[in-house]
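A.B. asks: curious how this folds, go ahead:
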Amino acid sequence: MKPKGVAIAVVSQYVIMPLTAFCLAKGFQLSDITAVVVLVCGCCPGGTNSNTLTLALKGDMNLSIVMTSCSTLLAMGMMPLLLYIYCQGFPSVRNAVPYVQIILSLVLTLVPCGIGILINTYRPQYSKRVTKVGIIIFLIFNVVTLTLAIIANGRYILTVLSPSLLAIAGLMPLIGYCFGYVFSAIFRLNQRERRTVYMETGCQNTALCSTILKSLTSLRPLERI
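C.D. replies: Reported below is the predicted structural model:
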């Protein structure tokens, strides 16, 4: 009934953010493989962080969840397409990105979301219990994964903390927030909707990005770069 917010978020998510990622990668003269990592992040749909921040800022939660759902569903087609287009600017990885693997990662991300929706719809008495168990498992998994990653990849910490990557990590969401707010102001959304739209635009699904990057690094074409 109010499609403007969703339309603005989709345009910002799949036009502004990928273009921003591409321009930042070129502007900071990143290596091709590092640029692809930035592009994957820039092409990701909105994540659950946007929902949490929208709640904290007293935005429109219904709109936030609808926008996250729409951008995630669209990602199955838009992410591979955008990566294919923007990777043309990085010759050494042009044919190395496994688009089928990316689509599979997106599908596998949506499956548990669908299961959660079904439980909440048809067995709501179990939803709180499932949520509590899921949060505990999620926290344990993240702590273990982070610890193992630091132990196994400690020598790469300085690479991750390089000035160019730190600058991109700060600039990319900031640009997304600004464009989301400007577009929502131009189309005269109310204040709650504006806060929702700019949060949805600037917050990428970093968990999905990490999952895709893990699948990329396990493939031989990228190992040879």
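
A.B. asks: is residue 20 in contact with residue 174, as I believe?
C.D. replies: No: judged on CB atoms under 8 Å, residue 20 makes no contact with residue 174 at a distance of 9.7 Å. Where C-beta positions appear, they are placed from N, C-alpha and C, glycine not excepted.

A.B. asks: more crowded one of the two?
C.D. replies: residue 20 (21 against 12; other CB atoms under 10 Å).

A.B. asks: quick check: which element contains residue 34?
C.D. replies: Assessed by DSSP states H and E, residue 34 sits inside helix 32-43.

A.B. asks: state the distance from the residue lying farthest from the centre of the chain to residue 136.
C.D. replies: Centroid-distance maximum for the chain: residue 125 at 31.1 Å, with CA atoms, centre = their mean. Distance, residue 125 to residue 136, by CB to CB, to the nearest Å: 19 Å.

A.B. asks: likewise residue 32?
C.D. replies: 40 Å.

A.B. asks: more neighbours, these two?
C.D. replies: residue 32 (16 against 10).

A.B. asks: let me see the mean pLDDT of stretch 212-225.
C.D. replies: When pLDDT is averaged over stretch 212-225, the result is 53.

A.B. asks: wait, isn't residue 180 in contact with residue 203?
C.D. replies: No: with contact defined as CB under 8 Å, residue 180 does not count as touching residue 203 (9.8 Å).

A.B. asks: where along the protein do the strands fall?
C.D. replies: In the chain, no segments count as strands under DSSP state E.

A.B. asks: in it, what secondary structure element scores lowest on mean pLDDT?
C.D. replies: Every helix and strand of the chain was ranked by mean pLDDT, DSSP states H and E. The lowest is helix 220-223, at a mean of 44.

A.B. asks: and the gap between residue 75 and residue 186?
C.D. replies: Using CB to CB, residue 75 is found at 25 Å from residue 186.

A.B. asks: now swap in residue 70 and tell me
C.D. replies: From residue 70 over to residue 186 (counting by CB to CB), the distance is 20 Å.

A.B. asks: between the two, tell me which one has more neighbours.
C.D. replies: Taking other CB under 10 Å, residue 70 and residue 186 do not tie; residue 70 has more neighbours (19 against 9).

A.B. asks: ok, now which ones touch the residue lying closest to that one once chain neighbours are set aside?
C.D. replies: Distances taken as CB to CB, 6 or more residues apart in numbering put residue 6 closest to residue 70, at 5.5 Å, once the chain neighbours are dropped. Residues near residue 6 by CB atoms under 8 Å, 6 or more residues apart in numbering: 63, 66, 67, 70.

A.B. asks: of those residues - the most surrounded one?
C.D. replies: The most neighbours of any of the contacts of residue 6, using other CB under 10 Å, belong to residue 67, which has 29 neighbours.

A.B. asks: residue contacts, the most centrally placed residue in the chain?
C.D. replies: Computing the C-alpha centroid of the chain and ranking residues by CA atoms, centre = their mean puts residue 205 first, at 2.5 Å. Neighbour list for residue 205: 44, 45, 46, 47, 48, 72 [criterion: CB under 8 Å, 6+ apart].

A.B. asks: pull out the buried positions in stretch 30-42.
C.D. replies: By neighbour count with 16 or more other CB atoms under 10 Å, stretch 30-42 contains the buried residues 30, 32, 34, 35, 36, 37, 38, 39, 40, 41, 42.
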